[in-house]
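Visitor: Any chance you could fold what I've pasted below:
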Amino acid sequence: MQRNVLMGLGFLAMTAASSTAGASAIIEGALGAIVDGGNNYNWQKVEAPGAVCGDGSQYKFFVRTTSSPNVLFFLEGGGACWDYDTCSGRAGLLGAANPNGISDDYMQQFTAKYVSPLVNGADPGLPGRSRTDLPTKDWNIVYLPYCTGDVHVGKNVATYTDPTGAEPPLRWHHNGYENTIAAAKYAKSRFPNVQKLLVTGFSAGGTATAAGYHFVRQIIAPQKGYSLNDSGPIYPAAGTGSNSKPLHNRIRQSWALDSVFTGLPSGFTPNDMGTINKAVAQAHPNDQFAYTAYTRDYNYSRFSYERFYTPNNQEAVLTRWKQDQDSLVNQLKAHSNFSYFIPHHREINASHCSTIITFIGSHACERMEKKTFWESFELPWGQSWKCRSEMVSMDTFLRRFLNENKVVRVYEPENWYNNEDPGMGIVGPLINAALGG
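Guide: As a prediction, the model looks like this:
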C-alpha cells in the first residue's frame with residue numbers, strides 16, 4: 001500500500017512541476033497528506049504591551065493550554081536582517097520573515113500549522129505509516145512567531161537606507177528581546193508550576209534558543225529545564241580570523257546586543273559570542289542542552305559567510321561551516337549536560353533544520369560506511385551505504401533527551417544514504433515546493 005501512495009504523491013509532484021495553474025493547491029494537498037493535517041489547536045492570541053514587530057505593528061504570540069505540567073516555549077525561525085534589503089523583504093530568502101507583521105490568523109497558516117512535529121506532538125511520517133507520538137505531545141505551548149529579524153534577542157531601533165535610493169529610509173524595530181521577555185513573563189503567570197520546560201526553535205529560532213535560554217529559564221523557573229537548538233548555531237569566534245567573526249560583529253552592532261549581554265551568565269565573553277554555549281551549560285548544570293543540525297546545511301551557512309567572504313560558492317561556504325561545526329562539537333564535548341545530534345544531509349530545505357515538517361531523513365549513524373561487495377546484494381537494493389552502529393532516529397533522540405535525561409552524542413560522517421532513499425526522492429520535492437525552494 002505504501003508504494004502505491006508514494007507513486008500517487010510522485011504523480012502529484014510531477015503534475016505540480018509541469019503546470020503553474022493549480023500547482024499550489026496540489027502541493028498543499030499532497031503536503032497535507034504527508035504531514036497528516038498539521039495541528040488544529042485552540043490557540044489563544046496574546047498581545048503584550050510594548051511588544052512590537054519590526055515594522056512597529058503589534059507583536060502577537062500564541063498559547064495552547066492543556067492539563068500537562070510541562071511547557072514547550074517555541075521560538076520560530078525565518079532569517080535575519082541588518083540592512084535595508086534584508087529587513088524590507090527585498091532580499092527574499094536571505095532576509096527576515098514576516099516583515100509586515102503577524103496576522104490574527106497566523107496559527108492557521110502554513111508555518112505554524114505544519115512546520116514542527118515538536119509543536120504538533122507527533123512525527124507524521126508518511127501516508128501508510130502511523131504517526132509517532134513525541135515527548136511533547138499534549139504539552140502546554142507558548143509559540144513565538146518571528147518578525148523582528150534579530151533572532152528574538154535584538155534591542156534596537158535602527159534606520160536603514162535603501163541603497164538604490166528608490167524608497168525612503170526604513171525604520172526597523174529590532175525588538176526581539178522585549179518580545180521574548182514579555183512572552184516568558186506571560187508564561188510564568190499562566191503556568192506558575194512548570195515541571196519540564198523545553199525551550200526550542202529552528203534556524204533563527206535555534207539561535208534564539210541558545211541566546212535566550214538563560215533569560216526564559218530564569219523567568220519561568222521550571223523544576224527541570226531543557227534547551228534544543230535546531231540549526232541556529234552560535235559558533236566559537238574568539239579571534240579576528242574566525243569564520244563567524246564578521247557576522248557576529250555585524251549583528252552585535254545592528255541589534256545593539258551589548259545591552260542584552262549584561263544579563264547573560266558570567267561565563268559569557270562578548271568578544272566571542274560562541275561562549276554562550278558553555279556559559280549556559282555551566283550556569284544551569286542540572287539542565288539538559290542539545291544541538292542538532294546537518295553538516296550540509298546550505299541555508300544558515302549562507303547567512304554566516306556568503307556576504308562576508310569570497311569565494312562564496314556552495315563548497316566554499318560549506319567548508320567554513322564544517323570547520324565551525326567541528327569547533328562547536330569540541331566545545332560541547334567539555335560539558336556533561338550537552339548533547340549533539342548531527343546528521344550529514346537530507347534534500348529537504350537545503351539540509352537546513354532537523355525538526356521541521358517531518359523526521360524523514362532526520363536520523364544519524366556514528367558509523368555510516370559504504371557497503372562491501374557482498375553487502376550490495378542486501379535489501380534495500382540500490383542503497384550503497386550501511387550503518388555499522390545504531391541508526392538513531394530523531395524521535396529516539398528526543399525520547400532519550402527529554403524523557404530519559406540522557407546525553408546523546410552522534411556526529412555522522414560524510415555519506416549519501418538519503419540520496420539513495422526512493423521515498424526521499426518523492427517527499428523531498430513536495431516539501432521543498434511547499435517551502436518555496
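
Visitor: and the next element down the chain from whichever strand or helix holds Gln218?
Guide: Element membership of Gln218, judged by DSSP states H and E, is helix 204-220. The first helix or strand that comes after helix 204-220 along the chain, using DSSP H and E, is strand 224-230.

Visitor: Now do Thr358, the pLDDT please.
Guide: According to the model's per-residue confidence, Thr358 sits at a pLDDT of 88.

Visitor: how close does it get to Gln218?
Guide: Computed as CB to CB, to the nearest Å, the Thr358 to Gln218 distance reads 34 Å. C-beta: built from backbone N, CA, C; applies to glycine.

Visitor: So which of the two has more stuff around it?
Guide: Neighbour tally, Thr358 and Gln218, criterion other CB atoms under 10 Å: the higher count belongs to Thr358, 22 against 15.

Visitor: List the buried residues for stretch 160-168?
Guide: Taking 16 or more other CB atoms under 10 Å as the basis for neighbour counts, the residues of stretch 160-168 that come out buried are Tyr160.

Visitor: immediately after the longest helix seen in the chain, which helix or strand?
Guide: The single longest helix within the chain, with elements called by DSSP state H, is helix 314-332. Next helix or strand after helix 314-332 toward the C-terminus (DSSP H and E): strand 338-342.

Visitor: by contact count, what packs against that next one?
Guide: If you count contacts as 3 or more CB pairs under 8 Å, 6 or more residues apart in numbering; DSSP states H and E, strand 338-342 packs onto strand 288-292, helix 314-332, helix 394-398, strand 409-411.

Visitor: Swap in 10 Å and give it another go.
Guide: When contacts are defined as 3 or more CB pairs under 10 Å, 6 or more residues apart in numbering; DSSP states H and E, strand 338-342 sits against strand 224-230, helix 276-283, strand 288-292, helix 314-332, strand 363-365, helix 394-398, strand 409-411.

Visitor: now that strand: mean pLDDT?
Guide: Averaging pLDDT along strand 338-342 gives 98.

Visitor: tell me the contacts of Lys45?
Guide: Each residue near Lys45 by CB atoms under 10 Å, 6 or more residues apart in numbering is listed here: Lys60, Phe61, Phe62, Val63, Ile102, Asp104, Asp105, Tyr106, Met107.

Visitor: Any idea what the second one is bridged to?
Guide: By that I understand Phe61. Legend: beta-bridge partners of Phe61 under DSSP bridges are Val46.

Visitor: ok, now which ones touch it?
Guide: When the contact criterion is CB under 10 Å, 6+ apart, the partners of Phe61 are 43-48, 51, 74-76, 102, 106-107, 142-145, 179-180, 182-183, 186-187.

Visitor: do you know how far the residue nearest the centre of the chain is from Pro163?
Guide: The centre of the chain sits closest to Phe202, judged by CA atoms, centre = their mean, with a distance of 1.2 Å. In this structure, Phe202 and Pro163 are separated by 30 Å, where distance is defined by CB to CB.

Visitor: Which stretches in the stretch 51-200 of the chain count as helices?
Guide: Under the criterion DSSP state H, counting those that start in this stretch, helices of the stretch 51-200 of the chain are mapped to 84-88, 110-114, 117-120, 176-190.

Visitor: Could you measure from the closest residue to Tyr340 other than its chain neighbours over to Met368?
Guide: On the basis of CB to CB, 6 or more residues apart in numbering, the spatially nearest residue to Tyr340 that is not a chain neighbour turns out to be Tyr291, at 4.8 Å. When CB to CB is the yardstick, Tyr291 and Met368 sit 19 Å from each other.

Visitor: Of those two, which one has the most company?
Guide: The neighbour count for Tyr291 versus Met368, taken as other CB under 10 Å, is higher for Tyr291 (26 against 21).

Visitor: mind listing what that one touches?
Guide: Applying CB under 10 Å, 6+ apart, the residues near Tyr291 are 206, 209-210, 227-234, 277, 325, 328-329, 332, 338-342, 354.

Visitor: ok, now with 7 Å
Guide: Residues in contact with Tyr291 (CB atoms under 7 Å, 6 or more residues apart in numbering) are Asn229, Pro233, Leu332, Tyr340.

Visitor: got a winner among these for most neighbours?
Guide: Using other CB under 10 Å as the neighbour test, the contacts of Tyr291 are led by Asn229, with 27 neighbours.

Visitor: wouldn't that residue be in contact with Thr209 here?
Guide: Yes - checked against CB atoms under 7 Å, the pair Asn229 and Thr209 is within contact range at 4.5 Å.

Visitor: what about Ala279, how many residues close to it?
Guide: Using other CB under 10 Å, Ala279 has 18 other residues around it.
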